[in-house]
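S.K.: Structure for this input, please:
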Amino acid sequence: MKLVVTIIHERDRSKVGEALLQAGHKFTKIATTGGFLRDGNATLLVGVEDDLLDEVLSIIQESCKSREQFVSLPPPDVMPAGTFIPNPVKVCVGGAVTFVVNVERFERV
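M.R.: As a prediction, the model looks like this:
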């Protein structure tokens, strides 16, 4: 058995969640915040049997795509007072960061 931990952009949460549920996969959602842009994320925890791992990873990959967004960097709260805020720059957001961890033991109580 594997534990899939995937961090996705908040905008992709519904699409990924719905696709996982339609395929019969249960998951736990945790609201998280990204460190770089301090944007809303969702972290999904999915327990999956080894033979279904590729299916889950495929659903995640198909359901969340990266996209470009303009942001002002760095965030204002980390800049000294009176610092010039540069023009917005284009950054890539979205997509998914996924970790797959072996599960030694699983119990449902």
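S.K.: tell me the contacts of Gln61?
M.R.: Gln61 makes contacts with Ala96, as judged by Cβ atoms under 8 Å, 6 or more residues apart in numbering. (C-beta placed from N, C-alpha, C; glycine too.)
S.K.: What strand or helix carries it?
M.R.: helix 53-63 (DSSP states H and E).
S.K.: Low-confidence ranges, the chain, go.
M.R.: Applying pLDDT under 70 to the chain picks out residues 34-39, 67-86, 88-94.
S.K.: which residues of it fall in strands?
M.R.: 2-9, 28-33, 40-48, 66-71, 89-94, 96-102 (DSSP state E).
S.K.: In JSON lines: the ones you listed, plus distance to Glu55 and mean neighbour count.
M.R.: What follows is these, written out as JSON lines (distance: least, Cβ to Cβ, whole Å; neighbours: other Cβ atoms under 10 Å):
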{"stretch": "strand 2-9", "distance to Glu55": "11", "mean neighbour count": "19"}
{"stretch": "strand 28-33", "distance to Glu55": "18", "mean neighbour count": "11"}
{"stretch": "strand 40-48", "distance to Glu55": "8", "mean neighbour count": "18"}
{"stretch": "strand 66-71", "distance to Glu55": "22", "mean neighbour count": "12"}
{"stretch": "strand 89-94", "distance to Glu55": "22", "mean neighbour count": "12"}
{"stretch": "strand 96-102", "distance to Glu55": "13", "mean neighbour count": "13"}
